[in-house]
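S.K.: no sequence on hand, only this structure:
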């Protein structure tokens, strides 16, 4: 599994170049392509302020087929009006011309600062250079990963290999995301490849379910981005087909594994993060209530600061549950911090504060809130809030 | 007006002592009293996890009369179960015994850390000492103000004097609040005194409207507290009565002035704040939509960091408006930062970035979002997000 990468599923090539959009001179234009149109599914941001490439991407994915993805980092092409929309269309046309396909078979993505027009001369040169360098080696996959990063400190990828019948199926994905992470029914940029064959409606459904249990369960700052996109391309070249319920289930489990791994990596690489904070809510009246409570706890800056300081200040977690906007009765609730019960049935429990504080000095910490006897449960991944978050978002100037 | 204080309205005395609840040795138990029961109104937190004194206070204010408020800082008496409820009742009984009134004429308040039992021996000694030291001097008012503070760096008070008919009416208030500030239909601790006479239902209505336009428009971290309380006591000793619509309107205007001043002072003294950020939303479809958009913008840590860094990164403000959960069309919107239009009709405007950045170096900065042609408008006050916020909430240990 460690040896698999984004281009391990059969039928994909990729490439990336430094086109000069990022001031750092790092890779910033990428292509992910197939030899002919393949089955594709995507989910996008639910933000009412969505970027130009989202508008174009929604139209191009409508038929359930894509041949290529063209992406740039360093500029989000969001809040850029008609000119921005034209630029996103041009990105598709440039990629299509270079690859010999229809512009509507290309999905465009952009990530970076909002409100600046794309430097189209650099984009044009970049796409041409990227198209000339396509390949399917590990280095090509790594370059593509790098070309989608912005404030990320780490690359994020996951891949699995499994059997459907006698065929070996591969599924891989890469993503970016560190700040402006609060996806709702959407995600940040994520690109998934597989060589299974599947009908577009099924692929769409499987991706939607997986996104809901992975990317939509991550929050860094609850700020839903204008550019969130997750795309799954299925080349069909493994010979395996999702034509039975058993095959679909097996693929769905693999997809959940890959997307949850990617989501976890986003939380771990949250801006300024020093640890992942896992919030588990059980016993709520239903899943929506559990999610609302978990999200309120995960987004409280007071909770995030306490986790940063290894402070077992559990009152911040319980009080956040109380303002989530859904029924919550503290008299029936219990809270565990790193396995230690600190609050039960409305009453503080005696616990060794120094011991729990020491347990909070971990790279992943868990807070578990049992709300009562309901069946609703949810898990949300977030990160702590450090001074480094403020440095990244205040001291660095646009 | 500068010479007025909490005890300027006729009929009130106060006192405060250091009972040893705060480790710092500062004042932490206060009494605010009248010679006999007066008309009173209060609004409380809407958090489903509410502190024991809130439960007791709701019952005691039900009849619209109070004679005293007893408050401690350094411990919130929240999430403390039946024992905590008994302790809040005991606080009322101790104050009532010392003052010679009914325990149900006393409203208890607590503020500080959640989940710790009150040190009742210290509370008992403190209330007795405070009752022995009651007076109505400026120093008594100042001591009471100090006794309600926690992480606040500044005292917060406001007072006005105005005529109703030939009578001079005074209205004064004090409050505390710096962190865990995200009141909704409620507020942090605020105590208001007036010597006007009013019927309980009218006073309740006036306070509710004023709180909605003041305390409920402030957010520091969107974390609604377990202990939010605002109480208005009306002694009637000015001789003026709110028995006409004209008199009520005059009083309502004064109440809005005092409560908005107090609310502004909370934002200005937000944990780690270096400036007040005023978010003005106009042209929304209705007031609820305007408030939702303003609140989303005010609570985004990315927006708050940008304001801290004097960064005119307006994309963060516009994108926050897009995920507020209410209709918002960027193509019809316009955003001003400190008076400069930076975005209009879906398109970035050319502006002098250095000039706007310089304008953001002010103690109060304003972002104005016009959403369209609707009648809904709202103003929310918040503060910037600095490293000091993290220091206060992570490095300081419970």
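M.R.: Good, I have the coordinates. Small disclaimer: the values here were computed from a predicted structure and weren't measured.
S.K.: what segments of the stretch 51-200 of chain A are strands?
M.R.: With strands called from DSSP state E, counting those that start in this stretch, the stretch 51-200 of chain A shows them at A:65-73, A:106-111, A:156-164, A:167-175, A:189-194.
S.K.: of all those, which one is nearest chain B?
M.R.: Among the strands of the stretch 51-200 of chain A, the nearest to chain B by CB to the nearest CB is strand A:106-111 (12.3 Å). C-betas here are computed from N, CA, C, even on glycine.
S.K.: name the helices or strands packed onto the closest one?
M.R.: Applying 3 or more CB pairs under 8 Å, 6 or more residues apart in numbering or on different chains; DSSP states H and E, we find strand A:106-111 packed against helix A:52-61, strand A:65-73, helix A:81-99, strand A:229-234.
S.K.: now do stretch A:241-261: distance to the chain's middle.
M.R.: 18 Å (CA atoms, centre = their mean, to the nearest Å).
S.K.: could you list the buried residues of it?
M.R.: By 16 or more other CB atoms under 10 Å in any protein chain shown, the buried positions in stretch A:241-261 come out as A:241-242, A:247-248, A:250-252, A:254-255, A:257-261.
S.K.: so what touches it?
M.R.: For stretch A:241-261, contacts defined as CB atoms under 8 Å, 6 or more residues apart in numbering or on different chains pick out A:158-160, A:162, A:164-165, A:169, A:171-173, A:190, A:192, A:194, A:196-199, A:202-203, A:206-207, A:209-211, A:213-215, A:230, A:232, A:240.
S.K.: and chain A, what are its domain boundaries?
M.R.: Following automatic domain parsing, chain A resolves into domains at A:13-265, A:276-395.
S.K.: tell me which residue of the stretch 101-250 of chain A lies closest to chain B.
M.R.: For the stretch 101-250 of chain A, CB to the nearest CB, closest residue to chain B: residue A:114, 2.5 Å.
S.K.: so what's the residue count around that residue?
M.R.: 26 (other CB atoms under 10 Å in any protein chain shown).
S.K.: sketch out the low-pLDDT regions of chain A for me.
M.R.: Low-confidence segments of chain A, defined by pLDDT under 70: A:1-2, A:184-187, A:396-398.
S.K.: and the gap between the residue of it most remote from its centre and chain B?
M.R.: When distances are taken from the C-alpha mean of chain A, residue A:350 lies farthest, 39.0 Å away, according to CA atoms, centre = their mean. Using CB to the nearest CB, to the nearest Å, residue A:350 is found at 11 Å from chain B.
S.K.: quick one on the thing from earlier: could you dump the strands of the stretch 51-200 of chain A to CSV with mean neighbour count?
M.R.: Shown next, in CSV, are the strands of the stretch 51-200 of chain A (neighbours: other CB atoms under 10 Å in any protein chain shown):
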stretch, mean neighbour count
strand A:65-73, 25
strand A:106-111, 28
strand A:156-164, 20
strand A:167-175, 23
strand A:189-194, 29
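S.K.: of all the ones you listed, which one is nearest residue A:277?
M.R.: strand A:156-164 (17.9 Å; CB to CB).
S.K.: tell me how far the closest one lies from the chain's centre.
M.R.: On CA atoms, centre = their mean, the centre of strand A:156-164 falls 17 Å from that of its chain.
S.K.: who are the packing partners of that strand?
M.R.: Against strand A:156-164 (3+ CB pairs under 8 Å, 6+ apart) you get helix A:138-147, strand A:167-175, helix A:245-268.
S.K.: who does the second one pair up with?
M.R.: Just to be clear, that refers to strand A:167-175. strand A:156-164 (antiparallel), strand A:189-194 (antiparallel) (DSSP bridges).
S.K.: quick one: the longest one to helix A:245-268, angle?
M.R.: Which is strand A:156-164. 170 degrees (axes from the mean of the first three to the mean of the last three CA atoms, to 10 degrees).
S.K.: measure how buried the closest residue to residue A:116 other than its chain neighbours is and give me the count.
M.R.: Here the nearest residue to residue A:116 in space, its sequence neighbours aside, is residue A:75; by CB to CB, 6 or more residues apart in numbering or on different chains that works out to 5.6 Å. When neighbours are counted by other CB under 10 Å, residue A:75 registers 26.
S.K.: hey, what's residue A:75 bridged with?
M.R.: Under the criterion used (DSSP bridges), residue A:75 bridges to residue A:111.
S.K.: what about the strand ranked longest in chain A and chain B, any contact?
M.R.: Ranked by residue count, the top strand of chain A under DSSP state E comes out as strand A:29-44. No: if you take CB under 8 Å from any CB of the partner chain as the test, strand A:29-44 misses chain B, and the best it gets is 12.8 Å.
S.K.: over to stretch A:227-235?
M.R.: No: using CB under 8 Å from any CB, stretch A:227-235 stays clear of chain B, coming no nearer than 9.3 Å.
S.K.: give the contact list for residue A:352.
M.R.: residue A:340.
S.K.: excluding covalently adjacent residues, which one is nearest to residue A:29?
M.R.: residue A:126 (3.4 Å).
S.K.: repeat that for residue A:348.
M.R.: That would be residue B:115: by CB to CB, 6+ apart, it lies 4.5 Å from residue A:348.
S.K.: and residue A:325, by the same measure?
M.R.: residue A:292 (6.0 Å).
S.K.: smallest gap between the stretch 251-398 of chain A and chain B, at which residue?
M.R.: Minimum separation of the stretch 251-398 of chain A from chain B (CB to the nearest CB) falls at residue A:315, amounting to 2.4 Å.
S.K.: so what's residue A:160 closest to, chain neighbours aside?
M.R.: residue A:254 (4.9 Å).
S.K.: do residue A:228 as well
M.R.: residue A:45 is the one closest to residue A:228 (CB to CB, 6+ apart), at 3.6 Å.
S.K.: isn't the one you found up against residue A:230?
M.R.: No: contact between residue A:45 and residue A:230 fails when scored by CB atoms under 8 Å: they sit 10.1 Å apart.
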